[in-house]
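In: next come a sequence and a model predicted from it.
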Amino acid sequence: MSLITTLADIVGDAFESQGFERAFGEIAVSARPDLAQFQCNGAMPAAKQAGKNPRDVAQAVIDAIADTSPFAELGIAGPGFINLTLTDEYLAGYIDELDDACHFGVPQQAPKRVVVDYGGPNVAKELHVGHVRPAIIGESVKRILRALGHDVIGDIHLGDWGMPYGQLIAEIADRYPELPYFDEAKVDGYPSEAPVSIEDLQELYPLAAARAKADEDFAARARAAVVDLQEGRPGYRALWQHMRDVSIEAMTKVYDRLNVHFDLWHGESTVNHRLAPMTRRLFEDGFAYESEGALVIEVMTDEDTKEIPPMLLVKSDGATLYTTWDLATIEDRVEELGAEEMIYIVDVRQSLHFEQVFRAAYKTGIAPEGTVLDHSGNGTVNGPDGKPFRTRDGGLLTLRDLVDMVVARAAKRLEENELATEFPPAEKAAIAERVGLAALKYGDLQNHRSSNYIFDIERFTSFDGKTGPYLLYGAVRMNSLLREAAGRSVESGRVVAPEREQERNLMLQLARLPEVIERAAQHRAPNHVAEYAYELVADFSRFYEACHILRESDPARQASWLRLVETTLAELSLVLELLGIDVPERM
RNA sequence: GCCCCAGUAGCUCAGGGGAUAGAGCACCGGCCUCCGGAGCCGGGAGCGCAGGUUCGAAUCCUGCCUGGGGCACCA
């Protein structure tokens, strides 16, 4: 159990014994570390409720604490804050038991089946800077929920079923009419080799899209191709499958580099078989009705004071669209995956879309009561001008180029600082890769998920201050210290009561992980974990300066300090893993 | 026009109805006979405006100003 919930139990018991709800015993890290380590604010609302004096209530609660042995100090301050400070022995005892096996105090919750929907790139288009946030944040959210014991499935939810693929099919048909995919008499036996490479697709797609705008005849053929594709015309399906496969192969390379991994590579197309039965049922059950030739679902209720437009279910030309697919995907996740919770890490600008889809899902029973549907939107990466990031010529920066840029900058910095110079070139390159990615990821994750931030490569790759490289440096230094200790046959032992402030602060910091993870999970906001990683390393650095471990003459204290380093490294490793940041052995 | 989001230090950003609002960068000043100085210690400076709710508001509510985004047959 976490330290803070242990304390909340003790104080909650005391509240209860005085006739109050035990929830008033909630404990927080003190806002005034000069006065106490922890605080409880419950006496003030409790007194309010009972019509009593808050300081009297606080005193009564303190007097009612059954076992005061963990506390060095218990006091009242201000209007009725209960201040708590632990004995050093108690704190050391708690830290002594912290390890991987007990998840560093992180409570394991009743597992829920959760789907995290993140990534969402389109087939046939190269990943670009706009995909970096959902990828990094989604991966972290997935890992954070897993750390709490949930059963989490990460699904990339590819954009693979819309107009773009009709346009591409039409374009390819025009250019290479001799390909077997366009022979209507043929129904199988298509080549296993893709007729187009990912580079071809990336070149063809913008051309086809532009052509569809300018050439009505082409646009009509593209629309017809979409309908044929969705109805299962074998040649089109085969060609589409090639496009999908080569795209996945290309994006996997980039995602792997980012340490982003999906359990499912589902997409819009995955639920194609559900579309017709679902829309038919919704119409028959009276949920969907005709409006301006299209089929829509009313999602506004009597309680709404704001206008919310109906959700478009089927277009007037009979085709489905992304709302239909997203609704069917909810159905699929409930029925096939047993999902109880679906979290969408998708651009915040999609919020109206999700609002409509979620309302429709609840209203129609596609999402059973109690299902959590949550659009936890991400913000954008902006350029120095505060607008969404563009290359110098106004184009979109590809994700691959972005990663290359950051890694190259990291490599240059290593050189400038004459670091890792004696390592073999391959290791040096691997280190630059990790430093660059840590810089990129930490630069992203330290911001709140939903806020936009300015991408500043110089700042992110800087080796000073609150950056990814600083965290790696901390971890590597701990590793190096432990290696040195092992070389001198110095062994770790039981954690003993801290003597110095820096030692005590590090212990208190180590004890905070559980509530950090819970808060991050609750808000789907990895920046809380990112902030904690920095604080942990910073507290370690202070401890490291103040307590010279290898020179310490008292063997018990030395063993305790070494143990503290081991615990810190283990916890930091966990935290960096939650952020998706890889640590090199040395650097 | 309606709706959503944001406005916090010179810059980039955190911040959970609680006490004296925090970091990093930049700027100024210290610290290696010592485990990795990518470090540590110290310094100044801030919640868009106006009301309201509350014992207590950066946080909740209302209005205004500024910026960004979104408003069915693209995704």
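Out: Received, thanks.

In: and the residue of the stretch 101-250 of chain A closest to RNA strand B?
Out: A:Gly162 (2.8 Å; C-beta to the nearest atom of the strand). Placement of C-beta: from N, CA and C, glycine included.

In: who are the contact partners of that residue?
Out: A:Val226, A:Glu268, A:Leu321, A:Tyr322 (C-beta atoms under 8 Å, 6 or more residues apart in numbering).

In: which phi and psi does it have?
Out: When quoted as degrees, to the nearest 10, the phi and psi of A:Gly162 stand at phi -110, psi -160.

In: just A:Gly267 next, same as before
Out: Per degrees, to the nearest 10, the backbone of A:Gly267 is at phi -160, psi -170.

In: identify the bridge partners of it.
Out: A:Leu158 (DSSP bridges).

In: show me the contacts for it.
Out: A:Val123, A:Ile156, A:His157, A:Leu158, A:Gly159, A:Asp160, A:Trp161, A:Arg244.

In: distance check, the residue of the stretch 101-250 of chain A closest to RNA strand B against A:Thr270.
Out: 14 Å (C-beta to C-beta, to the nearest Å).

In: where does A:Glu199 land in three-state SS?
Out: helix (DSSP: H, G, I helix; E, B strand; the rest coil).

In: from A:Asp302, how far off is it?
Out: From A:Glu199 to A:Asp302 the distance is 54 Å (C-beta to C-beta).

In: of those two, who's got more company?
Out: Each of A:Glu199 and A:Asp302 has its neighbours counted (other C-beta atoms under 10 Å); A:Glu199 has more, 11 against 4.

In: for the closest residue to RNA strand B within chain A, give me the backbone phi and psi.
Out: Here chain A gets closest to RNA strand B at one residue, A:Gly465, 2.2 Å apart by C-beta to the nearest atom of the strand. Main-chain torsions, A:Gly465, degrees, to the nearest 10: phi 80, psi -150.

In: show me where the stretch 301-450 of chain A has its strands.
Out: Using DSSP state E, counting those that start in this stretch, the strands assigned to the stretch 301-450 of chain A run over residues A:311-314, A:341-345, A:372-375, A:381-382.

In: with mean pLDDT and mean neighbour count added, can I get the ones you listed in JSON lines?
Out: Formatted as JSON lines, the strands of the stretch 301-450 of chain A follow (pLDDT from 0 to 100; neighbours: other C-beta atoms under 10 Å):
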{"stretch": "strand A:311-314", "mean pLDDT": "96", "mean neighbour count": "23"}
{"stretch": "strand A:341-345", "mean pLDDT": "97", "mean neighbour count": "24"}
{"stretch": "strand A:372-375", "mean pLDDT": "96", "mean neighbour count": "17"}
{"stretch": "strand A:381-382", "mean pLDDT": "90", "mean neighbour count": "19"}
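
In: now those strands in a markdown table, with distance to RNA strand B?
Out: Output for these, formatted as a markdown table (distance: least, C-beta to the nearest atom of the strand, whole Å):
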| stretch | distance to RNA strand B |
| --- | --- |
| strand A:311-314 | 4 |
| strand A:341-345 | 13 |
| strand A:372-375 | 10 |
| strand A:381-382 | 6 |
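
In: just put those in TSV and tack on distance to A:Leu91.
Out: Shown next, in TSV, are the strands of the stretch 301-450 of chain A (distance: least, C-beta to C-beta, whole Å):
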stretch	distance to A:Leu91
strand A:311-314	55
strand A:341-345	36
strand A:372-375	37
strand A:381-382	41
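
In: indicate which one of the ones you listed is closest to A:Asn53.
Out: Checking those against A:Asn53 by C-beta to C-beta gives strand A:372-375 as the closest, at 41.5 Å.

In: what lines up beside that closest one in the sheet?
Out: Strand A:372-375 is paired, per DSSP bridges, with strand A:341-345 (parallel).

In: can I get the partner strand in PDB? Just the C-alpha atoms.
Out: What follows is strand A:341-345 as a C-alpha-only set of coordinates in PDB (Å, rounded to 0.1, in the frame of the first residue of the first chain):
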ATOM      1  CA  GLU A 341     -13.400   1.500 -21.400                       C
ATOM      2  CA  MET A 342     -12.300   3.200 -24.600                       C
ATOM      3  CA  ILE A 343      -9.800   6.000 -24.500                       C
ATOM      4  CA  TYR A 344      -9.200   8.000 -27.700                       C
ATOM      5  CA  ILE A 345      -5.900   9.900 -27.900                       C
END
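
In: contacting residues around A:Val495?
Out: A:Ala92, A:Gly93, A:Ile95, A:Asp96, A:Met507, A:Ser560, A:Arg563, A:Leu564, A:Thr567.

In: distance from stretch A:413-426 to the middle of the chain?
Out: 32 Å (C-alpha atoms, centre = their mean, to the nearest Å).

In: can you tell if it touches RNA strand B?
Out: Yes. Stretch A:413-426 comes into contact with RNA strand B (C-beta under 7 Å from any atom of the strand), by way of A:Arg413, A:Leu414, A:Asn417, A:Leu419, A:Ala420.

In: walk me through the domains of chain A.
Out: A:3-86, A:163-257, A:399-579 (automatic domain parsing).

In: tabulate those domains (CSV), appending distance to A:Ile345 and mean pLDDT.
Out: Below are the domains of chain A laid out as CSV (distance: least, C-beta to C-beta, whole Å; pLDDT from 0 to 100):
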stretch, distance to A:Ile345, mean pLDDT
domain A:3-86, 28, 96
domain A:163-257, 14, 93
domain A:399-579, 7, 95
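
In: indicate which one of the ones you listed is closest to A:Arg113.
Out: Per C-beta to C-beta, nearest to A:Arg113 of those: domain A:399-579, 15.1 Å.

In: how long is the closest one from one end to the other?
Out: Taking C-alpha to C-alpha, to the nearest Å, domain A:399-579 runs 19 Å from one end to the other.

In: what of stretch A:26-41?
Out: 7 Å.

In: repeat that for stretch A:375-387.
Out: 23 Å.

In: and that stretch, which residues are buried?
Out: By neighbour count on 16 or more other C-beta atoms under 10 Å, the buried set for stretch A:375-387 is A:His375, A:Ser376, A:Gly377, A:Asn378, A:Gly379, A:Thr380, A:Val381, A:Asn382, A:Gly383.

In: nearest to A:Val116, of these?
Out: When those are compared for distance to A:Val116 (C-beta to C-beta), A:Ser376 wins out at 9.2 Å.

In: model confidence for that closest one, exactly?
Out: Model confidence at A:Ser376, given as pLDDT, is 96.
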